[in-house]
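[1] Just the structure for this:
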Amino acid sequence: MKKGLLIVNTGTGKGKTTASLGTLIRAWGHGMKVVMIQFIKHENAHFGEIKAARKIGIPWYITGAGFVKAGGDPIEAIEKAEKGWSLAQEIISSGEYDVVVLDEFTYPLHYGWLDTKKVLSWIEENKPEGMHLIITGRYAPEELIEMADLVNEITSIKHPFEKRIKAQIGIEY
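    A predicted model of the protein is given here:
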């Protein structure tokens with residue numbers, strides 16, 4: 001049975017986006033139409049995965065304002081999350097893609113920038129049956145986990161930051 005899956009990559013460990021990229025590239029390699037929408041990364045980001053995707057023609061949208069620091073004003077982040085969700089709704093409902101990744105999408109849900117119940121209801125009613133939808137980020141809401149077909153929790157056991165090793169080009173970005 002061909003069924004578009006709802007996949008969630010969550011947890012405190014590094015690799016949620018990387019895992020979704022692996023699936024995206026695998027699907028693209030099979031001739032499937034794929035797209036990435038990032039919800040937190042700043043629109044001026046130039047990470048290696050973005051450069052690679054653009055070189056091979058994978059549509060990639062960056063809709064975020066960067067992470068909001070504790071005590072910071074989230075207004076811009078909320079506005080960008082809402083615009084990103086509108087874009088995601090257009091892309092999902094178009095039925096044009098086989099795999100859609102909503103990267104770091106759990107954050108706007110977790111922080112209440114988007115209404116989780118409304119978002120999940122919309123997905124349930126509008127996601128094409130054959131489309132695979134991958135959602136990444138920490139703090140996946142329980143309702144999302146319950147709705148998903150596949151949930152991966154990525155935990156951190158050890159990280160180079162703990163040894164004060166800076167982010168490495170080609171590994172973290």
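
[2] drop to CA atoms for contacts and neighbour counts, all remaining ones
    Will do.

[3] can you give me the strands for this structure?
    Ranges of strands in the chain, per DSSP state E, are 6-10, 34-42, 60-64, 99-103, 132-136, 150-153.

[4] Including distance to residue 162 and mean pLDDT, could those strands go into TSV?
    As requested, the strands of the chain are exported to TSV (distance: least, Cα to Cα, whole Å; pLDDT from 0 to 100):
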stretch	distance to residue 162	mean pLDDT
strand 6-10	21	98
strand 34-42	23	91
strand 60-64	27	93
strand 99-103	25	98
strand 132-136	23	98
strand 150-153	21	98
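
[5] quick one: low-confidence parts of this protein?
    In the predicted model of the chain, residues 1, 69-72 satisfy pLDDT under 70.

[6] In it, which residue is most central in space?
    Centroid-nearest residue in the chain, with Cα atoms, centre = their mean: residue 103, separated by 1.2 Å.

[7] Dump the strands of the chain into TSV; add distance to residue 79 as well.
    TSV is the format used below for these (distance: least, Cα to Cα, whole Å):
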stretch	distance to residue 79
strand 6-10	23
strand 34-42	11
strand 60-64	9
strand 99-103	17
strand 132-136	20
strand 150-153	28
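
[8] Spit out the contact partners of residue 106.
    By Cα atoms under 8 Å, 6 or more residues apart in numbering, residue 106 lies in contact with 135, 136, 137, 138, 139, 140, 141.

[9] Tally up the residues packed near the third one, please.
    To tie it back to what came earlier, the one meant is residue 137. Neighbour count of residue 137, defined by other Cα atoms under 10 Å: 27.
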